[in-house]
Structures are given as structure tokens and as C-alpha cells.
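A.B. asks: fold the following, please.
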Amino acid sequence: DRPNIDGLGYKILRKNIVGGKNVLTQAMISSPNTIYEIRYDFDLNGKKITIPEGCVLDFQGGRLSNGVLIGNNTTILSENSCFSNISFQGKFCGETKVKWFDIHYTSIYDNSKEICNAFELAKLANKKITFPSGIIYIDAHLPNDQQYCGFEGKIQLFDNCHVVLQNDTYIKVIPNDYRAYCVFSLANVNGCIIEGGNIVGDIDEHLGTTGEWGYGIGIYGSSNICIKNIYISNCWGDGIIFDSFKDKNKPYSFDDIVNTNAIVSNVHIKSCRRNNIAIGGVDGVLIENSTFENCGGSNPLYIEGEDWYYASNIDLEADIDGYHEIRNVTFRNITTKVQRRGNSKDRFADIQCQQAINPETGRMNASHIKYENIRCERLKLSGYNTSVTNSTITEVIDINSAVGFNVSNCQLIGDVIIEGTPESENG
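C.D. replies: Here you go, the predicted structure:
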């Protein structure tokens, strides 16, 4: 939307050919409170251009390249690509559109640099980033190809940013042989929103065989986070992972920062290789109105040295050392479905909670987990103060080391297993 720009001066930037290039100079942009119409492509020639106070850059077919723009409450108007090799300083107004940044819609082009430039500008503006329709490919490789580098993912969110994808936006991971990757990374940030669109991994085209840490969205030690109205599929690891924020060179400890006050709403996650969503290092998460299906995808995680595969639609996973707290997690209006495979040893679970013992308190570090109005086939539970209400479990409920466990107003069709021993037949 075009802002109210009445009362401003108006100037068309005319060509300035120097050494065969159309060069934009500081002298050409010198008046405050002016609309500068840009009809032609200009080269900043590696220079910094300071935009005077309160100006509007109105792109009408032209582009700027090769330099630095310094804003002073500057508004940008454009419906097309208008920046190439431009960095930003100062202060800008309004939302940032990723399509301004020379996005290429081809499988052989990595758009991560252009997307990161958009985020750089948004940080100086109103912190809202809007993606265009279409398939946008990125190379989402993590530093050193390590699992604990998810918080160093290619597209880094910052405090209070709002990322909007269109319904027909597809962020597609370029096929690779990486053990680890992450598309969107939220690391020790506050107040972020990601909504809409699609994230598509490379499970069917992956070029390697090792690793299990290819993520669609990685959330690490962050607070007041909302992920909503998004479809995620085919990631080499997890569609969404919650984990604590830690020093990547050190083991988990009580100094790690856990996620707090997060909401995942109206998401559909399908066919990720390890877990469709993994939850660890949290205190206060609501998962609602969402569907998780076909964990493991067409190329599930093979456990080396064994003859079975492993995956979960929803995995609450405490680390084995007991430092990885999982508290106050609520699932509400959830539907899951597992696509069965031929091997009876395959360990696919709709929802499972793995717990460990806190080394200082001696208590289980998975606690206060609520399942409300869920529909699933296989529910595996453990932890402290766990409840299941108004739900339908159609195959088995496996209760292992659950303390303070309560089931109410549920339909259990199949076996109930406590400590691995069938407790009753046909629910």
C-alpha cells in the first residue's frame, strides 16, 4: 500500500552517465521531504548515499546497485526488484518486500543472500518482511555441518520481526548432502512471528545418507514466538524443532536458555525424516489446531547397527543428561497419522514423550504436559503431571514412567501398556 505522501516535493532522477555507467551521486539526492522517482537503473559506484530526512524512493522501473543506502525515515515504494548488491544503514519506514532483492526463481540459484539483505533492511524499518508468491530456492547449510549449529541457520530472525509468506510461497531447500541445515532460525530472540506459506525440504532428493538435523524452523532459547498457518514437509531432520540456546562447543547445562511462551497454531507438517515436530528445552508451549502426519517420510531415519527405523510425528525429548527441561506444554485440537511400514520393529510413534532424570533434583524433567482433544493412533507417555482429556487414541497408549498421570473423557481403542506390559484389552 502506498503511504500518504501529500505535501512532499517531487523529483525524477535523470541519467548521469560516467565512464559508461549511470551513476547516482549524493548531489542528485539532496532535498528533504521529497519523492524521488527512479525510472532508470543507477549504480552507486561503491559509494554511500545518505537519503535526506522524510524522503520517498518511488521505483518506477529503475533499480539501484553496488553501494550503501543510509535512510532517514525513508519510505520505499516498489512492486518489482529494485536492489542489487545494496546494503543499508540508518532508519527506514514500512514493511520490507523480499521481491525487491533480485530473487531468482530457478532451482540452481541460492537466494539466501538476497533474503538476508531483506532482513537487514527490515531490521532498520518496521521489522515486517513479506515474501512473494512462487518457489524460492535456498542453500540452508549450517556452519561446520553440525547439529548444534541450528541457531546459526541461513535466515536469522531478530527481535520482534514478523515474517509473512503468501499461501503460494514455497521456500525450497536445494538438494544437498549436508548432515544439518536450517531454513529459518530463531536464536535467543523475542516477539517473532512466522506465518503462511510452505517450507519444503529435500528428503526425496537428498544426496547424502548421514545426519538427522535438517530443519525447516529451528527455535532456540526464544520467547513470545508464534508460528502459524504454515505447511512444512520433507525436511531431512525435523519440520520444527524447539531446543535450548547453548554454547555449541559445550554440552547441555543448567545455564542454557529455554524457550518460553511459544505458540504453534494451524500448522500442517508432513513427511519429515526424523520428527515432524521436536520439543525440548521449553517452559510454556501451546501446540493447537494442527496436523502432523507420515513421520519418517519416504526416506526415514535408519538406526545404524539396527534393523529398524525411528520417527515421531510429535516428539517431546529430554536429553539424556537431564538438563533439557520440558515443562508446561499443551496440545489442543491435534490430529496425527502414521504411515505404517512393513517391518514390525519400526519405531514410528504419533506422539511420544521421552524423559530423563534431572541430576540435581532427582525428578523427571518432562512435566505438566497436557493433551486436549487430540486424535492419534499411538501415544507414548512419560513425565510428571501428565494428562489426556477429550481425546481418541485408536491403537495403543504406552505409559512409561509417568507420575501423576490422568486420563479423562477419552476413547481408548486398543491396548493400554504400562511399563511395557499390556494393562487392558480394547481400551
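A.B. asks: going forward, measure contacts between C-alpha atoms and count neighbours the same way
C.D. replies: Will do.
A.B. asks: could you give the mean pLDDT of the helix or strand T330 falls within?
C.D. replies: Counting by DSSP states H and E, the element that carries T330 is strand 326-337. For strand 326-337, mean pLDDT is 87.
A.B. asks: what of stretch 371-390?
C.D. replies: For stretch 371-390, the mean confidence score works out to 70.
A.B. asks: and what of stretch 117-131?
C.D. replies: Here the average pLDDT along stretch 117-131 is 97.
A.B. asks: the strand holding T330 pairs with which strands?
C.D. replies: strand 282-293 (parallel), strand 366-389 (parallel) (DSSP bridges).
A.B. asks: so what's the residue count around E79?
C.D. replies: When counting by other Cα atoms under 10 Å, one arrives at 12 neighbours for E79.
A.B. asks: what about it, which SS state?
C.D. replies: Here E79 takes the coil state, with states given by DSSP: H, G, I helix; E, B strand; the rest coil.
A.B. asks: OK, contacts around it?
C.D. replies: F59, K99, W100 (Cα atoms under 8 Å, 6 or more residues apart in numbering).
A.B. asks: so which residue is smack in the middle of the protein?
C.D. replies: I217 (2.5 Å; Cα atoms, centre = their mean).
A.B. asks: with just CA atoms, put stretch 122-137 into CSV.
C.D. replies: Output in CSV follows, covering the C-alpha atoms of stretch 122-137 (Å, rounded to 0.1, in the frame of the first residue of the first chain):
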residue,chain,number,x,y,z
ALA,A,122,13.6,-4.9,7.8
LYS,A,123,15.6,-4.6,11.0
LEU,A,124,16.0,-0.9,10.2
ALA,A,125,12.3,-0.4,9.3
ASN,A,126,9.1,-1.7,10.9
LYS,A,127,10.5,-5.3,11.2
LYS,A,128,7.9,-6.9,8.8
ILE,A,129,9.2,-9.0,5.9
THR,A,130,6.8,-10.1,3.2
PHE,A,131,7.8,-12.9,0.8
PRO,A,132,6.3,-13.0,-2.8
SER,A,133,4.5,-15.9,-4.4
GLY,A,134,6.5,-18.6,-6.2
ILE,A,135,9.2,-21.2,-5.5
ILE,A,136,12.3,-19.6,-3.8
TYR,A,137,15.3,-21.9,-3.5
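A.B. asks: could you number the chain from 5 rather than 1 from now on?
C.D. replies: In the new count, where the first residue is 5, that last one comes out as stretch 126-141.
A.B. asks: now do the buried residues in it.
C.D. replies: Residues of stretch 126-141 classed as buried: 126-136, 139-141 (neighbour count, 16 or more other Cα atoms under 10 Å).
A.B. asks: need the pLDDT of D208.
C.D. replies: 91.
A.B. asks: and it, what are its phi and psi?
C.D. replies: When read as degrees, to the nearest 10, the backbone of D208 gives phi -80, psi -10.
A.B. asks: just give the number of residues close to it.
C.D. replies: 15.
A.B. asks: hang on, the earlier thing: now the two most distant members of the buried residues of stretch 126-141.
C.D. replies: L128 and I139 (26.5 Å; Cα to Cα).
A.B. asks: thinking again about what came up before, redo the buried residues of stretch 126-141 as JSON lines? Include distance to I203 and secondary structure.
C.D. replies: Formatted as JSON lines, those follow (distance: Cα to Cα, whole Å; DSSP: H, G, I helix; E, B strand; the rest coil):
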{"residue": "A126", "distance to I203": "21", "secondary structure": "helix"}
{"residue": "K127", "distance to I203": "23", "secondary structure": "helix"}
{"residue": "L128", "distance to I203": "26", "secondary structure": "helix"}
{"residue": "A129", "distance to I203": "25", "secondary structure": "coil"}
{"residue": "N130", "distance to I203": "24", "secondary structure": "coil"}
{"residue": "K131", "distance to I203": "21", "secondary structure": "coil"}
{"residue": "K132", "distance to I203": "19", "secondary structure": "strand"}
{"residue": "I133", "distance to I203": "16", "secondary structure": "strand"}
{"residue": "T134", "distance to I203": "15", "secondary structure": "strand"}
{"residue": "F135", "distance to I203": "12", "secondary structure": "coil"}
{"residue": "P136", "distance to I203": "14", "secondary structure": "coil"}
{"residue": "I139", "distance to I203": "10", "secondary structure": "strand"}
{"residue": "I140", "distance to I203": "10", "secondary structure": "strand"}
{"residue": "Y141", "distance to I203": "10", "secondary structure": "strand"}
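A.B. asks: can you list the residues you listed in JSON lines and add distance to V193?
C.D. replies: Shown next, in JSON lines, are the buried residues of stretch 126-141 (distance: Cα to Cα, whole Å):
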{"residue": "A126", "distance to V193": "15"}
{"residue": "K127", "distance to V193": "13"}
{"residue": "L128", "distance to V193": "16"}
{"residue": "A129", "distance to V193": "17"}
{"residue": "N130", "distance to V193": "16"}
{"residue": "K131", "distance to V193": "13"}
{"residue": "K132", "distance to V193": "15"}
{"residue": "I133", "distance to V193": "16"}
{"residue": "T134", "distance to V193": "19"}
{"residue": "F135", "distance to V193": "21"}
{"residue": "P136", "distance to V193": "25"}
{"residue": "I139", "distance to V193": "27"}
{"residue": "I140", "distance to V193": "25"}
{"residue": "Y141", "distance to V193": "25"}
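A.B. asks: kind regards, and thank you for your time.
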